[in-house]
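1. With the input below, show me the fold.
(chains A and B)
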Amino acid sequence: MSMKCDLVVVGAGPGGSMTAKTAAQAGLKVVLLEKRQEIGDPVRCAEGVGKRALCEMVKPEPEWIAAEVKGAKIYAPDGTSIVMSEDKSGSEVGYVLERKVFDRALAMQAAEAGAKVMVKTRALGLLKKDGVPCGVSAMRVGEPLQIEAPIVIGADGVESKVGRWAGIDTALKLKDMETCAQFLVQDNTIDDEYTEFFLGNSIAPAGYAWAFPKGEKLANVGLGVLGTRSKPGEATRLLKDFVKARYPNGKVLEMVVGGDPCAGQIESTTSDGVMLVGDAARQTDPLTGGGILSAMQAGIMAGEVASKALTAGDVSKAGLKEYEDRWREDIGKHLTRSYEFKEFFVKMTDDDLNQLLGSLKKEDISKMDLRGMLRVLFRLNPKLLWELRHLVV
Amino acid sequence: MIFLLTINRYKCCYCGACVGVCPACALELAETMIEVAADCKECGICTRICPVGALEVKA
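-> Just a heads-up that it's a prediction; the model follows:
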């Protein structure tokens, strides 16, 4: 079987669905492919998202918000903690989503805008004419399907293949990927009002552990370990230890695992007729691991650029350059900065981390944003943070 | 000696982390199944990123 459209989007996560929605709203004939039977399931995410930025893009619906938090607590290896309030650290915390519902809702918005959604349909490769991509070959419920389209969007996640098929090197080095495991834990000691972050090289080497509330006495408790510091199965093993120590009576209701890119800006996210979005473009924040918002933002940009490029009749790499420029100007700058912080953070010993968070004990940081807090940290620990001085402005 | 990348399908949670780090582009996540292509160099990078330890390069 074969079909034709203007834009085929591979992957119906938040990035793919926003691309499809934006392009369909602009009048493009869009096909959105999802290889799984069910959009949004299984989840591979801690589900935390900044409130402000999310609300700028979509109207939040109560069905897909599992919890709203007051702020974030960060724990040093020695147990010392600092508290950041939500209104100041708003870009990092706010809502904890129900991704299974959220992802489906976004795909539905794309469908409502006119995109054709096809589930259990996996892209197998790019169709090419004279070496230039012109669609995808796919398998739909076991049957071959060819979809011709001048532009292909790779929103196919951490395991992205679209970029590689188009000659874009998206392979991640172990130092640029966190291996993560998470349990949905039910326990009476869970803090329902704050997201919690636990630092320490014995808890999560060159990463961190988290607890994001998901409703009453329920939380996503997980951790990430840097690939270079991991052994086979390390993330799950360490998580079991962490949960046992922190929530001895906790009950595990769900298990989630996944790889989180922490690579910063990759060299290219476009080629002739192809744009990459979200995890596929490695647009995840290297320090926090958050990627929902940047995927959605990039998706909107890709959808807009696709529409312009088709109108202009130039879908070559040069014709898609606006996408590359726009996301790098916005998301990209943030990724680069975060990557420098991450590269510094992964070298820190537990003593360093204790000193840093300990130095904030006498400071009132409740009214500070992340940047303000970094400035204070730098003032109090100039020697330790000397390498980062150019980032503290 | 023949080396082989093996996948314990009972452990695998099909997250695709291994696919993302494979330098040979030899892995594929087909919904709930990791497929290994003949391009696999048995470098073992994927085994280290696997959160559940489902991958192993056996001698």
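2. What does the pLDDT read for A:K70?
-> Looking at A:K70, its pLDDT reads 89.
3. which intervals of the chain have sub-threshold pLDDT?
-> Answering for chain A, as no chain was given. Counting by pLDDT under 70, chain A shows low-confidence ranges at A:86-93, A:393.
4. Please refer instead to chain B.
-> For chain B, the ranges with pLDDT under 70 are B:1-3.
5. Kindly recompute the last result at 50.
-> Residues of chain B meeting the criterion pLDDT under 50: none.
6. tell me which parts of it are close to chain A?
-> Applying CB under 8 Å from any CB of the partner chain, we find that chain B lies next to chain A at B:13-23, B:25, B:27-31, B:45, B:47-56. In this view, the C-beta of every residue, glycine as well, is placed from N, C-alpha and C.
7. Report the buried members of the residues you listed.
-> Neighbour-count burial (16 or more other CB atoms under 10 Å in any protein chain shown) is assigned, among the residues of chain B next to chain A, to B:13-22, B:25, B:27-29, B:45, B:47-56.
8. And the helices in chain A?
-> A:14-25, A:51-57, A:99-112, A:162-165, A:234-246, A:292-312, A:321-327, A:333-345, A:350-359, A:370-380 (DSSP state H).
9. Just the CA atoms of the longest one, as CSV, please.
-> Listed in CSV are the C-alpha atoms of helix A:292-312, where the atom choice follows Å, rounded to 0.1, in the frame of the first residue of the first chain:
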residue,chain,number,x,y,z
ILE,A,292,9.4,17.5,27.3
LEU,A,293,9.3,21.3,26.8
SER,A,294,12.2,21.6,24.5
ALA,A,295,10.7,18.8,22.3
MET,A,296,7.4,20.6,22.2
GLN,A,297,9.0,24.0,21.4
ALA,A,298,11.2,22.4,18.7
GLY,A,299,8.1,20.6,17.3
ILE,A,300,6.3,23.9,16.9
MET,A,301,9.3,25.4,15.1
ALA,A,302,9.7,22.4,12.9
GLY,A,303,6.0,22.5,12.0
GLU,A,304,6.2,26.2,11.1
VAL,A,305,9.4,25.8,9.1
ALA,A,306,8.0,22.8,7.2
SER,A,307,5.0,24.8,6.1
LYS,A,308,7.2,27.7,5.0
ALA,A,309,9.7,25.5,3.2
LEU,A,310,6.9,23.8,1.2
THR,A,311,5.4,27.1,0.3
ALA,A,312,8.8,28.3,-0.9
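10. Going by neighbour count, which residues in that helix are buried?
-> For helix A:292-312, the neighbour count (16+ other CB under 10 Å) marks A:292-307, A:309-310 as buried.
11. residues near the nearest residue to A:E34 once chain neighbours are set aside, how many?
-> Spatial nearest neighbour of A:E34, excluding adjacent residues (CB to CB, 6 or more residues apart in numbering or on different chains): A:A12 at 3.8 Å. Using other CB atoms under 10 Å in any protein chain shown, A:A12 has 30 neighbouring residues.
12. wait, A:A12 sits on A:D41?
-> No: using CB atoms under 8 Å, A:A12 is not in contact with A:D41, being 11.3 Å away.
13. Kindly report the residues of chain A close to chain B.
-> So chain A meets chain B at A:35-37, A:42, A:44, A:120, A:122, A:157-161, A:164, A:170-174, A:177, A:179-181, A:227, A:230-237, A:255-259, A:261 (CB under 8 Å from any CB).
14. Chain B: helices as residue ranges?
-> Under DSSP H, chain B gives helices at B:17-21, B:45-49.
15. would you turn those helices into a markdown table with distance to A:D78?
-> Below are the helices of chain B laid out as a markdown table (distance: least, CB to CB, whole Å):
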| stretch | distance to A:D78 |
| --- | --- |
| helix B:17-21 | 31 |
| helix B:45-49 | 29 |
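16. wait, which of those helices is closest to A:L370?
-> helix B:17-21 (27.5 Å; CB to CB).
17. Need the CA coordinates for the closest one. PDB is fine.
-> Provided in PDB are the C-alpha atoms of helix B:17-21 (Å, rounded to 0.1, in the frame of the first residue of the first chain):
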ATOM      1  CA  ALA B  17      18.800   3.200  25.400                       C
ATOM      2  CA  CYS B  18      21.000   0.600  23.800                       C
ATOM      3  CA  VAL B  19      19.900   1.700  20.300                       C
ATOM      4  CA  GLY B  20      20.900   5.300  21.100                       C
ATOM      5  CA  VAL B  21      24.500   4.500  22.000                       C
END
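18. For that helix, give me every contacting residue.
-> A:158-161, A:170-174, A:177, A:179, A:227, A:257-259, A:261, B:27-29, B:34, B:45-47, B:49-51, B:55 (CB atoms under 8 Å, 6 or more residues apart in numbering or on different chains).
19. Repeat that for stretch A:294-301.
-> For stretch A:294-301, contacts defined as CB under 8 Å, 6+ apart pick out A:13-19, A:21-22, A:53-54, A:57-58, A:106, A:155, A:277-279, A:281, A:283-285, A:323, A:326-327, A:330-331, A:334-335.
20. give me that answer again for 6 Å
-> If you take CB atoms under 6 Å, 6 or more residues apart in numbering or on different chains as the criterion, stretch A:294-301 is touched by A:14-15, A:18-19, A:22, A:57, A:277-278, A:283, A:323, A:326-327, A:331.
21. And the residue of the stretch 51-200 of chain A that's closest to chain B?
-> A:E159 (3.1 Å; CB to the nearest CB).
22. Quick check: phi and psi on that residue?
-> Per-residue torsions, A:E159: phi -90, psi 20 (degrees, to the nearest 10).
23. and A:S85, what does it touch?
-> A:G71, A:S366.
24. roughly how far apart are the residue of chain A positioned farthest from its centre and A:D272?
-> Distance from the centre of chain A peaks at A:D130, with 34.9 Å (CA atoms, centre = their mean). Relative to A:D272, A:D130 is positioned 10 Å away (CB to CB, to the nearest Å).
25. How about A:H390?
-> According to CB to CB, A:H390 stands 37 Å off from A:D272.
26. Report how many residues lie close to A:G313.
-> Look at A:G313: counted by other CB under 10 Å, it has 8 neighbours.
27. how close does it sit to A:G319?
-> Relative to A:G319, and taking CB to CB, A:G313 is found at 8 Å.
28. ends of stretch A:31-41, how far apart?
-> Length of stretch A:31-41, first residue to last, CA to CA, to the nearest Å: 20 Å.
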